[in-house]
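Q: I need the structure of the sequence given here:
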Amino acid sequence: MRSFAVAVTLATAAFAAPAAVSRDLLGGLLGTVGGVVNAAVGTIEGTVVNTVATVNGVVPLPTIINQVMSDLGPVTAALSSIVEANATQAVIQPLTEELTAVLTSAVSQLSDLAGKPLAEVLATADGVIDATGAAQLLAPVFTTVYGATQQVLSLVESGPLAADLVPLLNGALGALDPVLTTVAPVVNGLFVALAPLVGPVVNTLNGVGLGPVVQLLGSIL
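A: Numbering: from 1, shown residues only. Modelled structure (predicted):
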């Protein structure tokens, strides 16, 4: 069990949660979704979700995403700490490579969920979450990566190193594509539930390699 506090600046997002799930919207930020999401977007401490290591040999989606958020935390924190003085390729490239590696590893695990019963795929120690819960769990992966990379992009996109650094950051954002396209077929209704949560980042993602995903999300926003 873990909880996270990740600094990300985003527009206000409103969403509907199931009756068993509480949620907070604070200061124009996507808030913490209590009870099912083991992550925070903003500077709020996330509510812990009780995960299970495996169910009948299957590593459930909540467990995978919890680990992804744990692995992303130090990387996105390091990206968010970059200032103009140290916004160099030597600093940024290892971080974007590590971020991409975390997401690529997650895709490998998520692909193993194909064809498995939802009772195993969406299992937690407290029960089985639904598509809305899965979306609320997955959304912070998008918003955390977006927030950290966008902060650095704002520093470098008009600078002398833009030609080298912007592709690195866009490549890291592009690594979100296979995460979503791998998990979406596993959980029916995921796109519909996810769209309101990641709406603020759709336009940006559209320009960095996530066109097919954005079209699907945009059609239901």
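Q: Now do the phi/psi pair for Lys116.
A: For Lys116, the backbone dihedrals (degrees, to the nearest 10) come out as phi -80, psi 150.
Q: okay, and for this structure, where does confidence drop off?
A: In the predicted model of the chain, residues 1-49, 200-221 satisfy pLDDT under 70.
Q: can you count the residues close to Thr100?
A: 19 (other Cβ atoms under 10 Å). In short, each C-beta sits where N, CA and C put it, glycine included.
Q: so which strand or helix has it?
A: Per DSSP states H and E: Thr100 is located in helix 89-111.
Q: now for the helix or strand just after that helix, which elements pack on it?
A: Toward the C-terminus, helix 89-111 is succeeded by helix 118-121 as the next helix or strand (DSSP H and E). Applying 3 or more Cβ pairs under 8 Å, 6 or more residues apart in numbering; DSSP states H and E, one finds that helix 118-121 contacts no other helix or strand.
Q: Restricting the selection to alpha carbons, write helix 118-121 to CSV.
A: Output in CSV follows, covering the C-alpha atoms of helix 118-121 (Å, rounded to 0.1, in the frame of the first residue of the first chain):
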residue,chain,number,x,y,z
LEU,A,118,-12.5,-8.9,-15.0
ALA,A,119,-12.8,-10.2,-11.4
GLU,A,120,-9.1,-10.9,-11.6
VAL,A,121,-8.0,-7.9,-13.8
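Q: After it, which helix or strand is next?
A: Next element after helix 118-121 (DSSP H and E): strand 123-124.
Q: Give me the sheet partners of that following strand and which way each runs.
A: Sheet pairing of strand 123-124 (DSSP bridges) gives strand 127-128 (antiparallel).
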